[in-house]
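[1] below is the sequence, then the predicted model.
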Amino acid sequence: MGLNCNISTRAFETIFESGDGYSIRAKVYLEITDESGQPANGNNITVNYSINDNGVITQEQKTVAGQSALLFYGIIERGTDDGFGDIRISYTKTFGFATIAGNPDPTAPPPVNFCDLLITAINVDKAESAPGAADAQITVTAASSYLPLHYSLDNVTFQTSNLFTGLTAGLKTVYVTDSNSLGCSANRSITVPVLNSLLVSDPSVTVGSNISRWNAAFNPVVFTYQRKDFDVVSVTVDSLTGNAKVSVNATLNGVVAKDLVYINTSAYKGTFSVISNTGNALIIDAPYTSNAAGFININRLRPYYKVVTRITYQDVVTGQTKTILSNNTPDNTGLVKADLSNFLQSLVRAKDDSAFTQPNFKDSNLSASYQIAYSEQWNKTDNTPFDWVNIPDQYYVVYAAKQLGERYSGNWRLMFRLQTGSHLPVDH
């Protein structure tokens, strides 16, 4: 069986120094694969590779016993970054041209005197679509020289698949073990989001057991959302500066010093400037006071953020199902207010088809029903589609206007009696 060798650079850590200086620390591995590209044991194979240390090139050799071997752990890049796109690199260290130099010893097993198990990433494939839906999904990526790997969410029941389905939202801790006789294990936490948690309020009014979703088209009809890019898992003290070190359930590659972020937790609330980025935590310009949890919004990672609200309705003239899109941007706290009244006015017409002979006539000109879905969107670097969250409730609009300052604003809760425990009026 033929073997191949690749060089992989992982566990990037950006360290911001005095002024605009920065350095990047990383781990560099030799990884052995078979002819089909699957991980394979090197069994003490010899690998030739080169090092380019800021222009000085040397040739080196490394013996690989298992599926991988650590070549280097340290600084691979230094430079300056003014935070506005002007990045100047002053030092680099790269590795390349890895080739197999010797035949493996098929009788030599991987050594058992060290653990190299590493959870490299946890990806949220699908967020929970609604509270209690239990339909979220995550995929775990881990590596070790000692296969097979086993995965668990409770550190009791393990499985061979790295895919977890049927999850609810919230903090999840993934545990991974390999087949090393030393008993190696690793764990890593991630927060699984719930999609429709962004909706803060809608134009409905609840009185007792009745909910009115009927609104006058010529008054504001507002759906309010709260932007929440990532969860703040914890806040600790940075030993060097004494400032707050904010741990986030996301990879923060790209966030640089002087970036502004909005944080909403019990102890830290407002806009803060980033002092440095450690990979999955940000040191901010605020002194540490206590641990906290909440959310953080980062424009650097989600540029030109907006919430798109989709109105779906049936055209009274053509009978066809149509949609209208409303694009709304947040304020500096991430609050998004989508006033749909201008769009909803096009669903109704100033025309009364009633012959006044029926006691419960519904005029499809003067009123209309519609449904709402919304989507968080921003400028992505890939073409993956954005998720849409459907609000299951039906909403209604009436060709009318109420005086400003009236109770319940433009909602028609006081204009008719609702059926008991329903959002529909009597004789609807």
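    Looks like it arrived, so ask away. Residues are numbered from 1 along each chain as shown.
[2] which SS class is Phe343?
    helix (DSSP: H, G, I helix; E, B strand; the rest coil).
[3] do a quick rundown of the strands in the stretch 151-300 of the chain.
    Assigned by DSSP state E, counting those that start in this stretch, the stretch 151-300 of the chain shows strands spanning 163-167, 170-177, 185-192, 199-201, 205-207, 210-212, 214-216, 222-226, 230-237, 243-248, 260-265, 269-277, 281-287, 294-298.
[4] of these, which is nearest Gly96?
    strand 269-277 (26.8 Å; CB to CB). Using the backbone N, CA and C atoms, a C-beta is placed for each residue, glycine as well.
[5] list the buried residues in the closest one.
    Residues of strand 269-277 classed as buried: 272, 274-277 (neighbour count, 16 or more other CB atoms under 10 Å).
[6] out of those residues, who's nearest Ser68?
    Nearest member of those to Ser68, counting by CB to CB, is Asn277, at 26.7 Å.
[7] list the beta-bridge partners for that closest one.
    Counting by DSSP bridges, Asn277 forms beta bridges with Leu282.
[8] one step back: including mean pLDDT, could the strands of the stretch 151-300 of the chain go into TSV?
    Below are these laid out as TSV (pLDDT from 0 to 100):
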stretch	mean pLDDT
strand 163-167	94
strand 170-177	90
strand 185-192	85
strand 199-201	90
strand 205-207	83
strand 210-212	83
strand 214-216	89
strand 222-226	95
strand 230-237	89
strand 243-248	93
strand 260-265	96
strand 269-277	95
strand 281-287	94
strand 294-298	93
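[9] redo the ones you listed as CSV? Include distance to Val316.
    Formatted as CSV, the strands of the stretch 151-300 of the chain follow (distance: least, CB to CB, whole Å):
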stretch, distance to Val316
strand 163-167, 42
strand 170-177, 44
strand 185-192, 42
strand 199-201, 28
strand 205-207, 26
strand 210-212, 22
strand 214-216, 17
strand 222-226, 23
strand 230-237, 43
strand 243-248, 48
strand 260-265, 43
strand 269-277, 46
strand 281-287, 52
strand 294-298, 40
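[10] most neighbours per residue, which of these?
    strand 214-216 (a mean of 26; mean count of other CB atoms under 10 Å).
[11] name the helices or strands packed onto that one?
    Helices and strands touching strand 214-216, by 3 or more CB pairs under 8 Å, 6 or more residues apart in numbering; DSSP states H and E, are strand 389-398.
[12] what are the contacting residues of the strand it packs on?
    Defining contact as CB atoms under 8 Å, 6 or more residues apart in numbering, one finds that strand 389-398 is touched by 129, 195-196, 198-199, 202-204, 213-217, 221, 344, 347-348, 366-375, 412, 423.
[13] likewise for stretch 157-166?
    Here stretch 157-166 makes contact (CB under 8 Å, 6+ apart) with 134-142, 148-153, 172, 174-175, 177.
[14] low-confidence ranges in the stretch 251-400 of the chain?
    Within the stretch 251-400 of the chain, the ranges that satisfy pLDDT under 70 run 351-364.
[15] and for the nearest residue to Gly334 once chain neighbours are set aside, the neighbour number?
    Sequence neighbours aside, Arg227 is the residue nearest to Gly334 in space, at 3.3 Å (criterion: CB to CB, 6 or more residues apart in numbering). For Arg227, the count of nearby residues is 21 (other CB atoms under 10 Å).
[16] I'd say Arg227 and Lys337 touch.
    No. Under the criterion of CB atoms under 8 Å, Arg227 is not in contact with Lys337, lying 11.6 Å apart.
[17] are any of the contacts of stretch 157-166 buried, and if so which?
    Among the contacts of stretch 157-166, those classed as buried by 16+ other CB under 10 Å are 136-138, 140, 142, 149-153, 172, 174-175, 177.
[18] which ones are touching Gly96?
    With CB under 8 Å, 6+ apart, Gly96 has these contacts: 7, 49-50, 52.
[19] now a ChimeraX select for only the buried ones of the contacts of strand 389-398.
    Selecting only the buried entries of these in ChimeraX, with 16+ other CB under 10 Å as the criterion:
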select :129,195,196,198,199,202,203,204,213,214,215,216,217,221,344,347,348,366,367,368,370,372,374,375,412,423
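[20] Val222 is in contact with Val336, isn't it?
    No. At 10.3 Å, Val222 does not count as touching Val336 under the criterion of CB under 8 Å.
[21] for stretch 231-250, which outside residues touch it?
    171, 189-191, 193, 229-230, 263, 265, 267-268, 275, 278, 280-296, 301.
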